[in-house]
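# Need a 3D model of the following:
(one chain, ligands or ions: 1)
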Amino acid sequence: MERRVRATPALIQDYVRLFVNRRAYTLQSARPHPDSGRHYYYRPKERGSGAPLHLTEKTVWDHLEGKITIGLYAINPSNQRCKWVAIDADYKNAMEDLVKLQYYLTQDRVDSALEMSRRGGHLWIFLAVPLLARKCRIYIYDLARRLGVPVKESGLAEGIEVFPKHDAIGTGAFGNALRGPLGIHRGADRRFWFYGADYGLEAQMEFLKRLRRVTEEELDRFTAGKELPADIAKLQGEVKPIGELRTGGSRKAFCILDHVGKTRIMGKNYVARCPSCAQVGHDRSGDNLAILVSDRRFYQCWAGCTKEMIRAALGQPIRVQQRA
Ligand SMILES: [Zn+2]
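I've put the predicted structure just below:
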């Protein structure tokens, strides 16, 4: 075991601000699995009640001081947004690819931090405000494609993995967690630092805080008119349709296309500005709303607006069916 590292309240706050996007988290088992020898991550529960534990400042404190090791989820399901994007690469030429990605990110004026790992590394990008997971993924996959960096999700055995791993997750879902930086990797029994700063908590955090963060306007610009590569989108699954209430008989059925203005077709969907997002000045790039071409009753906002919100924003609230 390495010598003791001390956390401070300021470090904890900085860490939460930078990395924690929701209070659900995972814990790496302190003891290796007897068969595989691996230290697995699990979602911790309260002793006795079995209720899921929520991440607190104390959790981060223990992580930074090396008493526990936590994993952090990228996406917050309440808005489908993330505070960071991390590119995980652990194959033979992983570092080469990560450095290449880092270099080309700087061409967009995007700062990133390269964290060492047991094999390969993690490249972290921080966001000025939480940004849509889907757009973060489009940006990174598009860049990888242009640079010829292999992408695991396209079905390759080896390639980069992007966290967030989903465009959107359902309420009560978690997506995938990634080892929280600056803690101790149980399997390797050591800390993995970021390149570019001294190996100590304070110096590392100061380095991370100085990095320029990607704004919403920038990400919109980087991803304008782009979609996830078809092979990755396919593995993601279709847009989950949200069913409209069945409208009976005489009443003219509501059709979202009558209300959303300009649309374009991408894959199986029409894409348009989400009326509910638009109401609060969001979705300026006009592509949050996906409407299934084959059945226009099915539509979904990638930012997580419910159909009730969308209909209300259109002044066409969903009528509650009364029982006679
Ligand atoms: Zn919306």
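# Gln204 and Leu98, how far apart?
From Gln204 across to Leu98, the span is 18 Å (C-beta to C-beta, to the nearest Å). For the C-beta atoms, the positions are set from N, CA and C on the backbone; glycine is no exception.
# Please identify which residue in the stretch 101-250 of the chain comes closest to the ion.
Leu132 (9.9 Å; C-beta to the ion).
# ok now the helix or strand where Cys82 lies, how far from the chain's centre?
Assessed by DSSP states H and E, Cys82 sits inside strand 81-89. Its chain's average C-alpha position is 6 Å from that of strand 81-89, according to C-alpha atoms, centre = their mean, to the nearest Å.
# Convert the C-alpha atoms of that strand to CSV, please.
Output in CSV follows, covering the C-alpha atoms of strand 81-89 (Å, rounded to 0.1, in the frame of the first residue of the first chain):
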residue,chain,number,x,y,z
ARG,A,81,-26.9,14.9,-19.8
CYS,A,82,-23.4,14.4,-18.6
LYS,A,83,-20.7,16.5,-17.0
TRP,A,84,-17.9,14.7,-18.7
VAL,A,85,-17.0,12.4,-21.5
ALA,A,86,-14.3,9.7,-21.0
ILE,A,87,-12.7,7.6,-23.7
ASP,A,88,-11.5,4.3,-22.4
ALA,A,89,-8.9,2.4,-24.4
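# is the ion contacted by that strand?
No. Applying C-beta under 5 Å from the ion, one finds strand 81-89 separated from the ion by no less than 11.8 Å.
# Around the ion, pick out the residues from the stretch 151-300 of the chain.
Looking at the ion, the residues of the stretch 151-300 of the chain close enough under C-beta under 5 Å from the ion are Cys274, Ser276, Cys277, Asn288.
# ok, the first one - contacts?
Which is Cys274. His282, Asp283, Asn288, Leu289, Cys301, Trp302, Ala303, Cys305, Ile310 (C-beta atoms under 8 Å, 6 or more residues apart in numbering).
# just the second one next, same as before
Residues counted as contacts of Ser276 (C-beta under 8 Å, 6+ apart) are Cys301, Cys305, Met309, Ile310, Ala312, Ala313.
# Mind checking what helix or strand follows the host helix or strand of it in sequence?
Counting by DSSP H and E, the element that carries Ser276 is helix 275-279. Scanning forward in sequence from helix 275-279 by DSSP H and E, the next helix or strand is strand 289-292.
# Packing partners of that following strand?
Contacts defined by 3 or more C-beta pairs under 8 Å, 6 or more residues apart in numbering; DSSP states H and E place strand 289-292 against strand 269-272, strand 299-301.
# That one: how far from the chain's middle?
That offset, for strand 289-292, works out to 21 Å (C-alpha atoms, centre = their mean).
# At which residues are the strands of the stretch 1-150 of the chain located?
Here the stretch 1-150 of the chain has its strands, by DSSP state E, counting those that start in this stretch, at 25-28, 41-42, 70-73, 81-89, 113-116, 121-132.
# Is it possible to get JSON lines of the ones you listed that adds mean pLDDT, distance to Arg145 and mean neighbour count?
Listed next are the strands of the stretch 1-150 of the chain as JSON lines, based on pLDDT from 0 to 100; distance: least, C-beta to C-beta, whole Å; neighbours: other C-beta atoms under 10 Å:
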{"stretch": "strand 25-28", "mean pLDDT": "95", "distance to Arg145": "30", "mean neighbour count": "22"}
{"stretch": "strand 41-42", "mean pLDDT": "90", "distance to Arg145": "30", "mean neighbour count": "14"}
{"stretch": "strand 70-73", "mean pLDDT": "97", "distance to Arg145": "26", "mean neighbour count": "22"}
{"stretch": "strand 81-89", "mean pLDDT": "97", "distance to Arg145": "13", "mean neighbour count": "24"}
{"stretch": "strand 113-116", "mean pLDDT": "96", "distance to Arg145": "21", "mean neighbour count": "20"}
{"stretch": "strand 121-132", "mean pLDDT": "97", "distance to Arg145": "16", "mean neighbour count": "21"}
